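K.L.:
sequence first, then the predicted structure, then my questions.
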Amino acid sequence: MKSFMLTGIRRLELREVPDPLITCSTDVLLRMKVVGVCGSDIHYYLNGRIGSQVVEYPFTVGHECAAEVVEVGPDVTRVKPGDRVAVEPAMPCYSCDQCLSGRHHTCRSLKFLGCPGQAEGCLSEYLVMPETSCFHVPESMSFDEAALTEPLAIGLYSVRRVMPVAGAVCGILGYGPIGMSVMLAAGAKGAGRIYVTDRIDSRLRIAKETGALLTGNPDRDDIAGMILSEEKGGLDIVFECCGKQEAMDQAVDLVRPGGTIVIVGIPEFDRWSFSADEIRRREISLINIRRQNHSLEETLDLITGDGLNAVPMVTHRFNFGETPAAFRLVSEYADGVMKAMIDF
């Protein structure tokens, strides 16, 4: 089969690799239909690493995907050949202390699609996954929507950590796919007014169209002054969704005493910096988000029930052979890209 592999910084090569085989009785062989280009894929493309997760070349990235079932192992019961599926990229062990306490996303032996040292990604024509990672989707759901359950589930999990707080006033700093996923989930969970910032104006336009009360561009707007003029006491919750220190500084300025900052974005640096006096004196809570946990099925239900409309997230399409162009576009934030989808 054909697979696109990282072979160096900013280098993707199409290679012939062995077809994946079912080796476990609960394995599922999948034919890829669509793959979304994620920000973490771009970290590996540009930097070759995310923190301690370092690429050893060649390596296949990609983890946002939807597929068709081709073959199943003899003990598979939840899907069958011909089924359309959303793929949960996390493959926990289900037996360590973290899994037994319900924290499958911090499994001690976690394998995750497209994560160095864990599992090759899904930028290939075929893929084998355990049946626990395969979720049947109805014919009414597009393959795009099925693939987008991965970022949407992160948004839903982020919101579930701090809500439902009916009418909570929220800020979302960074409106890429994860920021949009957070806003859609916050709206579905009963948030009140939502304020959004981003450095790309086309993304701010999408934010206004999908429910933001007020938007601002930090490159030209006084974000804290603008939002605090509307919310004198500060925001109940601020979601940091871009992994930038300046956004974290704004989050501290924006959140009310006793409020919460939810750190969703992945920074390219090793340490955050905070004003110890500010976060102590105002008793600001900090919550870190690690992917998602037990949120994909609810995400599917919300999409099916019209509670989440992620269709505006997909702004660009490429065929599989154009994968390098898709990565260049997303890495350069070019042409107003929000989410680039790769078709097989």
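P.N.:
Arrived safely. In this text, all values refer to a predicted model and were calculated from it rather than measured experimentally. Numbers count the residues shown, from 1 in each chain.

K.L.:
please, which helix or strand holds His43?
P.N.:
Following DSSP states H and E, the helix or strand that holds His43 is helix 39-47.

K.L.:
for that helix, packing partners?
P.N.:
When contacts are defined as 3 or more CB pairs under 8 Å, 6 or more residues apart in numbering; DSSP states H and E, helix 39-47 sits against strand 49-50, helix 323-331. The C-beta positions use only the backbone N, C-alpha and C, and glycine is treated the same way.

K.L.:
where do the helices sit along the stretch 1-150 of the chain?
P.N.:
Under the criterion DSSP state H, counting those that start in this stretch, helices of the stretch 1-150 of the chain are mapped to 39-47, 97-100, 143-160.

K.L.:
give me the number of neighbouring residues for the closest residue in space to Gly321 that isn't next to it in sequence.
P.N.:
Spatial nearest neighbour of Gly321, chain neighbours left out: Leu14 (7.2 Å); criterion: CB to CB, 6 or more residues apart in numbering. A total of 13 residues lie near Leu14 under the criterion other CB atoms under 10 Å.

K.L.:
tell me the contacts of Asp343?
P.N.:
Going by CB atoms under 8 Å, 6 or more residues apart in numbering, Asp343 touches Lys33, Val34, Arg317, Phe318, Asn319, Phe320.

K.L.:
what bridges to the third one?
P.N.:
Translated: Arg317. When bridges are called by DSSP bridges, Arg317 pairs up with Met341.

K.L.:
please identify the deepest-packed of the helices of the stretch 1-150 of the chain.
P.N.:
The highest mean neighbour count among the helices of the stretch 1-150 of the chain, using mean count of other CB atoms under 10 Å, belongs to helix 143-160: a mean of 26.

K.L.:
how about it as PDB, C-alpha atoms only?
P.N.:
Output in PDB follows, covering the C-alpha atoms of helix 143-160 (Å, rounded to 0.1, in the frame of the first residue of the first chain):
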ATOM      1  CA  PHE A 143     -16.900  10.900   6.500                       C
ATOM      2  CA  ASP A 144     -15.700  14.500   7.300                       C
ATOM      3  CA  GLU A 145     -17.900  14.700  10.300                       C
ATOM      4  CA  ALA A 146     -16.800  11.200  11.400                       C
ATOM      5  CA  ALA A 147     -13.100  12.300  11.200                       C
ATOM      6  CA  LEU A 148     -13.800  15.600  13.000                       C
ATOM      7  CA  THR A 149     -15.100  13.700  16.000                       C
ATOM      8  CA  GLU A 150     -11.500  13.500  17.200                       C
ATOM      9  CA  PRO A 151     -10.900  17.300  17.600                       C
ATOM     10  CA  LEU A 152     -14.500  17.800  18.600                       C
ATOM     11  CA  ALA A 153     -14.100  15.300  21.400                       C
ATOM     12  CA  ILE A 154     -11.100  17.200  22.700                       C
ATOM     13  CA  GLY A 155     -13.300  20.300  22.800                       C
ATOM     14  CA  LEU A 156     -16.100  18.500  24.500                       C
ATOM     15  CA  TYR A 157     -13.700  17.000  27.100                       C
ATOM     16  CA  SER A 158     -12.200  20.400  27.800                       C
ATOM     17  CA  VAL A 159     -15.600  21.900  28.400                       C
ATOM     18  CA  ARG A 160     -16.800  18.900  30.500                       C
END
